[in-house]
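Visitor: can you look at this prediction? I've put the sequence above it.
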Amino acid sequence: MDNILTFLKTLKLNNNREWFNEHKEEYNALRAQFERYVDELIQMLLPYDEELTGLQAKDCLYRIYRDIRFSYDKTPYKTHFAAYMAKGGKKSPRGGYYLHIEPDNCMLSGGVWSPEPKLLRLLRQAVFDNVEEFSEIMENPEFKKLYPGLEGEKLKIVPRPFPKDSPASEYMKYKDYIVLGRVKDEYFSDVNWKQNVIDDFRKLIPFNRFLNYTVDEFYE
């Protein structure tokens with residue numbers, strides 16, 4: 001993974017089409033390498049999450065090209081490699097496993113990001129109705145050490161119809177149900193980094209399963 005991080009550092013300093021086109025072969029080789037890594041991770045996760053059966057890395061990888069049509073930032077390329085491993089691939093609404101490789105901003109993540117409004121209401125209701133179970137997942141010391149709490153956009157007040165003083169009140173404010181585990185670049189220099197990723201992704205399984213029960217009911 002070190003060569004991928006090195007390429008991304010250089011890309012950040014030369015984020016223009018001319019430089020990228022001159023290094024397109026190097027990029028293609030590194031993307032193919034990353035795709036192999038993701039395929040390996042999927043196979044290593046399968047014994048713990050059989051819902052990934054049949055999933056391939058090519059369905060999980062994100063493009064490096066940025067959509068700059070409505071952005072003030074006109075740099076054409078992302079400065080990270082990323083993959084979302086979930087049943088259905090990167091466009092899946094289900095909770096899964098997100099791998100983000102970016103110099104000084106590497107992370108592992110899981111959960112449901114940007115659910116549509118009706119699904120968000122149902123997820124909030126599920127958390128409210130089962131707050132003891134959800135809190136137990138969130139407060140598990142092994143889980144919390146890497147994934148300290150919910151992340152993402154948050155309302156200032158508890159949305160209706162949920163009470164302001166319930167044990168679930170803070171959970172109700174979130175528009176996403178995701179957690180982030182930030183890791184140093186050196187995490188991927190370890191000879192056992194793939195197994196370390198699997199060990200850390202496994203911590204997400206109860207969290208994802210809790211959310212996916214509602215997601216699957218919504219989309220069935």
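Guide: It's in. Numbering: from 1, shown residues only.

Visitor: how far away is Tyr177 from Met138?
Guide: When Cβ to Cβ, to the nearest Å is applied, the distance between Tyr177 and Met138 equals 10 Å. Yep, even glycine has a C-beta here, placed from its N, CA and C like the rest.

Visitor: hmm, I was thinking of Asn15
Guide: Relative to Met138, Asn15 is positioned 37 Å away (criterion: Cβ to Cβ).

Visitor: who has more neighbours, these two?
Guide: Set side by side, Asn15 and Met138 give different neighbour counts by other Cβ atoms under 10 Å, the larger being at Met138 (20 against 17).

Visitor: are we agreed that that one is in a helix?
Guide: Yes. The assignment for Met138 (DSSP: H, G, I helix; E, B strand; the rest coil) places it in a helix.

Visitor: need the strands for the chain, in chain order.
Guide: Read by DSSP state E, the chain holds these strands, from start to end of the chain: 81-85, 96-101, 106-112, 150-151, 177-183.

Visitor: show me what the residue positioned nearest the centre of the chain is bridged to.
Guide: With the centre of the chain defined as its mean C-alpha position, the nearest residue by Cα atoms, centre = their mean is Tyr98, 2.9 Å away. Judged by DSSP bridges, the bridge partners of Tyr98 are Tyr84, Ser109.

Visitor: now do the same for it: its pLDDT.
Guide: In this model, Tyr98 is scored at 98, pLDDT.

Visitor: how many neighbours does the residue lying closest to Leu204 once chain neighbours are set aside have?
Guide: Leaving out its chain neighbours, the residue that sits closest to Leu204 by Cβ to Cβ, 6 or more residues apart in numbering is Gly110, at 3.6 Å. Gly110: 26 surrounding residues under other Cβ under 10 Å.
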